[in-house]
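**Q** below is the sequence, then the predicted model.
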Amino acid sequence: MLIYVVCYVSMFYLLCQVSLKQQSNSVVCSRMLKEAWLQGINKVIRSTVMAAKKKPIQRRLKADERRLIIMRAAMRLFIDKGYAATRMEEIAEAAGCTTGPLYHFFKTKYDIFAAVAEQTFEQFVGRARAHRETINQQSPLARMKASIDKIMDEVEYTTAQMFIRETPIVLGEQQWSGVIDELMTKSFESDLRDAMIDNLIEPEPPLPVAEFFSSAVVNAISRADPKNKESLRLSKNAILRMVDRLEV
C-alpha cells in the first residue's frame, strides 16, 4: 500500500515539474511542490508505521494449542446442542478455523467426543485421587462421605450432565461404567470393606453397596438444576444420611 502511494505522489510531482518549466516562476513553484511532496510522503510513512504498531501480531498456534481449542469448542457445542445435533462445520467455526485443520486432528465427530471425554474424565479422576490422599487418616465411613461431598460440591454440573447423558450412547455403557468405577465405586468399595473390618457396619458384599451409592450420586447430578443450589445441597445431604444409616 505504501509503495503505491509513494509512486502515485512521485508521478504527480514529475508531471507538475514538466508543467512548471513553462512558467516564469517555475523555480519558486518547484521548491514549494517539492516541500509539499516530502511532507505528503512523510505523512504517509508515519500513518503506515502507526497502523502497523496498533495492529496486533497474530502468533501462529502450535499443533497442541489448536487441538485444545477445537476440543473446547466442541465441548461447548456438545453441552449446548448435544452430540447428535452438533456438526463438524459448527465445531470448526466455533474453534475459529476451517474444516481442514479440524479433520487433520480428528477424522470424525466421534474422535472429538472421545478425546474430550478422556481428558475430562482424567481430570475428574485425578482430582478425586488427590483428595483421597488428604483423607486417608479418617475413618472408612468418614472417607466415603468426604468423597461424596467433594464430588458433588465441585463438579461442573452442566458438563457432568452432558457426559452422563451422552457417554453411554456415544462411547458405550462399558466405558461409562469404567469411568464411574475409577471415580467412585472402587474407593467406595474399599471404604465399605474397611468399615466391615472395623465392625462399623454389618458384613455384606461391599461391591453392590458401593455401586448403589455411585448410582445415587450420578442420578442426583443428572437430575439437578444447576441454578438451584438448595436442591443440590438437599440431594447431597440425603445421600450422606444414607451412608450414616449403614453404621451399626
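**A** Nice, I can see it.
**Q** nearest spatial neighbour of the residue minimising distance to the centre of the chain, skipping sequence neighbours?
**A** Closest to where the C-alpha atoms of the chain average out (C-alpha atoms, centre = their mean) is R72, at 3.5 Å. Closest residue to R72 apart from its sequence neighbours, by C-beta to C-beta, 6 or more residues apart in numbering: A95 at 7.8 Å. Quick note: C-beta positions are derived from backbone N, CA and C, even for glycine.
**Q** the residue nearest to the centre of the chain: which element?
**A** helix 63-81 (DSSP states H and E).
**Q** distance from the next helix or strand after that helix to the middle of the chain?
**A** Using DSSP H and E, the helix or strand that follows helix 63-81 in sequence is helix 88-94. Mean C-alpha position of helix 88-94 versus that of the full chain (C-alpha atoms, centre = their mean, to the nearest Å) differs by 15 Å.
**Q** lowest confidence element among the helices and strands of the chain?
**A** When the helices and strands of the chain are scored by mean pLDDT, DSSP states H and E, helix 2-20 comes last with a mean of 48.
**Q** E247: neighbouring residues, count only.
**A** 11 (other C-beta atoms under 10 Å).
**Q** test my guess that it contacts D198.
**A** No - applying C-beta atoms under 8 Å, one finds E247 not in contact with D198, separated by 10.4 Å.
**Q** from A220, how far out is R233?
**A** 11 Å (C-beta to C-beta, to the nearest Å).
**Q** neighbour-wise, which of these two wins?
**A** Taking other C-beta under 10 Å, R233 and A220 do not tie; A220 has more neighbours (18 against 12).
**Q** element containing that one, please.
**A** Element membership for A220, per DSSP H and E: helix 206-223.
**Q** OK, contacts around the residue nearest to R72?
**A** Counting by C-beta atoms under 8 Å, 6 or more residues apart in numbering, A95 touches R66, I69, I70, R72, A73, A74, L102.
**Q** which non-adjacent residue is nearest the first one?
**A** Same thing as R66. For R66, ignoring the flanking residues on the chain, the nearest one in space by C-beta to C-beta, 6+ apart is P101 at 6.1 Å.
**Q** do the third one as well
**A** Distance criterion C-beta to C-beta, 6+ apart; nearest residue to I70, sequence neighbours excluded, is A95 at 4.5 Å.
**Q** now that neighbour. Its backbone dihedrals?
**A** Backbone geometry at A95, expressed as degrees, to the nearest 10, gives phi -90, psi 0.
**Q** mind checking how far stretch 103-120 is from the chain centre?
**A** Using C-alpha atoms, centre = their mean, the offset of stretch 103-120 from its chain centre is 13 Å.
**Q** for stretch 144-162, same thing?
**A** Worked out by C-alpha atoms, centre = their mean, stretch 144-162 lies 18 Å from the chain centre.
**Q** buried stuff in it?
**A** 144-148, 150-152, 155, 157, 159-162 (16 or more other C-beta atoms under 10 Å).
**Q** how about stretch 67-77?
**A** Within stretch 67-77, judged by 16+ other C-beta under 10 Å, the buried ones are R67, L68, I69, I70, M71, A73, A74, M75, R76, L77.
**Q** wait, which of the residues you listed is closest to F212?
**A** Using C-beta to C-beta, M75 comes nearest to F212 of the buried residues of stretch 67-77, at 30.2 Å.
**Q** what mean pLDDT does the stretch of helix or strand S235 belongs to have?
**A** Using DSSP H and E, S235 maps to helix 229-244. For helix 229-244, the mean per-residue pLDDT is 91.
**Q** with stretch 205-212 instead?
**A** 96.
**Q** can you check stretch 93-107 too?
**A** Stretch 93-107 comes out at a mean pLDDT of 94.
**Q** thanks again, I'm all set now.
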